[in-house]
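**Student:** Sequence and predicted structure are below.
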Amino acid sequence: MKKVKIPLKSQKLTSVLHCNGLLFSSYNESDKFMAYDKLCVYNLFTAEVTPLPSQSLIKGLKVAYGFGFHPSTKEYKVVRIVEQECVLCNLGRFELSLDQSVKVFTLGTYAWRIKRNSPYLLRMQPSEALVNGALHWLGQPKLRHTQIIVSFDLAEEIFCQVPSPNCRLDMLDSRLLVLGGCLSLAINTDKRRIDIWLMKNYSIQESWTKEFTINFETSPLESIRPLCLLKNGKVLIEYRKQSLFSYDPQTKTTEKIQIGGFLPSFQAVPHVEIVNSAMPPSFCLHSFL
């Protein structure tokens with residue numbers, strides 16, 4: 001275990017995402033006139049800080065981020081989604097509807113790019129599932145209440161629907177993640193059990209397999225974050241942002257990992273150490289702005 005000091009205002013953090021050993025973070029700041037999303041990318045081991053152009057915040061609007069790398073373009077990108085209500089006129093009647101605007105920022109450039117609005121209604125939470133160069137969210141079609149999985153390809157910068165497993169999919173009781181390099185889905189089946197499905201062959205519906213069933217009594221899914229598969233085959237789990245557990249699929253038991261030095265509340269992030277961050281040199285800074 002290695003402690004690393006990060007020059008971020010952790011008390012105001014609203015999002016922390018990771019990719020290839022890099023952390024993307026957002027936190028809120030305000031002055032007399034405006035509120036802003038302050039954004040940066042931080043390399044844990046080189047201490048490089050990449051500040052990104054701030055984005056204005058409007059009270060009451062939901063914001064969700066995604067951060068990832070595409071192997072073919074060799075680019076790191078941040079995706080920003082803002083949800084707002086809009087008024088539609090349908091046969092002379094005015095109706096309220098939800099719309100989600102999309103912006104993309106490529107590290108090494110100097111401005112956000114506006115994309116077409118999302119054709120789906122995405123769950124407004126940070127994307128924790130980067131697979132095959134695409135970010136993934138739970139969502140639904142705009143005109144139906146069917147729950148689906150939606151991808152955003154970081155090269156083509158388009159949304160697509162991804163096949164779901166043959167199980168009940170509920171945005172409130174489900175979480176997308178990555179385990180063993182596979183797109184995975186954790187489902188809180190009966191409030192005391194979590195089923196974890198893995199898509200062994202990406203985009204092939206038949207390749208979804210229920211790989212693990214983990215019992216965590218009296219704990220809602222939002223309290224439990226499967227983080228990664230360990231080399232010994234166990235699943236590393238963050239519990240209530242207060243402790244770490246490992247789940248052994250052979251014995252079907254969980255064990256608390258005793259690690260000292262943690263604050264009362266924390267967020268665990270699995271990472272791979274990289275010396276070369278692949279961030280454009282003109283953006284690599286050694287002090288937090």
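**Tutor:** Here it is on my side, so go on. Residues are numbered from 1 along each chain as shown.

**Student:** so what's residue 64 bridging to?
**Tutor:** residue 81 (DSSP bridges).

**Student:** Please look at it and residue 127 and confirm they touch.
**Tutor:** Yes. With contact defined as Cβ atoms under 8 Å, residue 64 reaches residue 127; the gap is 7.4 Å. (Each C-beta comes from the backbone N, C-alpha and C, glycine too.)

**Student:** the more surrounded of those two?
**Tutor:** residue 127 (25 against 18; other Cβ atoms under 10 Å).

**Student:** Residue 194 is in contact with residue 211, isn't it?
**Tutor:** No. Checked against Cβ under 8 Å, the pair residue 194 and residue 211 is beyond contact range at 11.5 Å.

**Student:** So between these two, which is more surrounded?
**Tutor:** Comparing residue 194 with residue 211 by other Cβ under 10 Å, the one with more neighbours is residue 194, at 23 against 17.

**Student:** Just give me the neighbour total for the closest residue to that one other than its chain neighbours.
**Tutor:** Leaving out its chain neighbours, the residue that sits closest to residue 194 by Cβ to Cβ, 6 or more residues apart in numbering is residue 214, at 4.7 Å. Neighbourhood size, residue 214 [other Cβ under 10 Å]: 19.

**Student:** hmm, back to that, what sits in contact with each of residue 64 and residue 127?
**Tutor:** Residues touching both residue 64 and residue 127 (Cβ atoms under 8 Å, 6 or more residues apart in numbering): residue 137.

**Student:** which residues does the residue nearest to residue 194 contact?
**Tutor:** 193-194, 196, 224, 226, 235, 237, 247, 254.

**Student:** So which of these are in helices?
**Tutor:** Taking DSSP state H, every one of those sits outside helices.

**Student:** closest to residue 33 among those residues?
**Tutor:** If you rank the contacts of residue 214 by distance to residue 33 using Cβ to Cβ, residue 224 comes first, at 40.8 Å.

**Student:** gap between the closest one and residue 268?
**Tutor:** As for residue 224, its distance to residue 268 is 12 Å (criterion: Cβ to Cβ, to the nearest Å).

**Student:** Where does the prediction get shaky in the stretch 1-150 of the chain?
**Tutor:** 1-12, 32, 87-92, 94-95 (pLDDT under 70).

**Student:** picking up where we left off before, which secondary structure element contains the residue nearest to residue 194?
**Tutor:** According to DSSP states H and E, residue 214 maps onto strand 208-215.

**Student:** Return the set of residues that bridge with residue 77.
**Tutor:** With DSSP bridges as the rule, residue 77 is bridged to residue 68, residue 106.

**Student:** That one against residue 106, yeah?
**Tutor:** Yes. Counting by Cβ under 8 Å, residue 77 does reach residue 106; the two are 5.2 Å apart.

**Student:** which of those two has more neighbours?
**Tutor:** Between residue 77 and residue 106, counted using other Cβ under 10 Å, the more crowded position is residue 77 (23 against 17).

**Student:** In contact with that one, which residues?
**Tutor:** Contacts of residue 77 (Cβ under 8 Å, 6+ apart): 67-70, 104-107, 154.

**Student:** redo that, cut-off 6 Å
**Tutor:** Residue 77 makes contact with 104, 106, 154, according to Cβ atoms under 6 Å, 6 or more residues apart in numbering.

**Student:** ok, and the closest non-adjacent residue to the first one?
**Tutor:** For residue 104, the nearest residue in space outside its immediate sequence neighbours is residue 113; the separation is 5.1 Å by Cβ to Cβ, 6+ apart.

**Student:** now the strand holding residue 214, how far from the chain's geometric center?
**Tutor:** Its chain's C-alpha centre and that of strand 208-215 lie 21 Å apart, by Cα atoms, centre = their mean, to the nearest Å.
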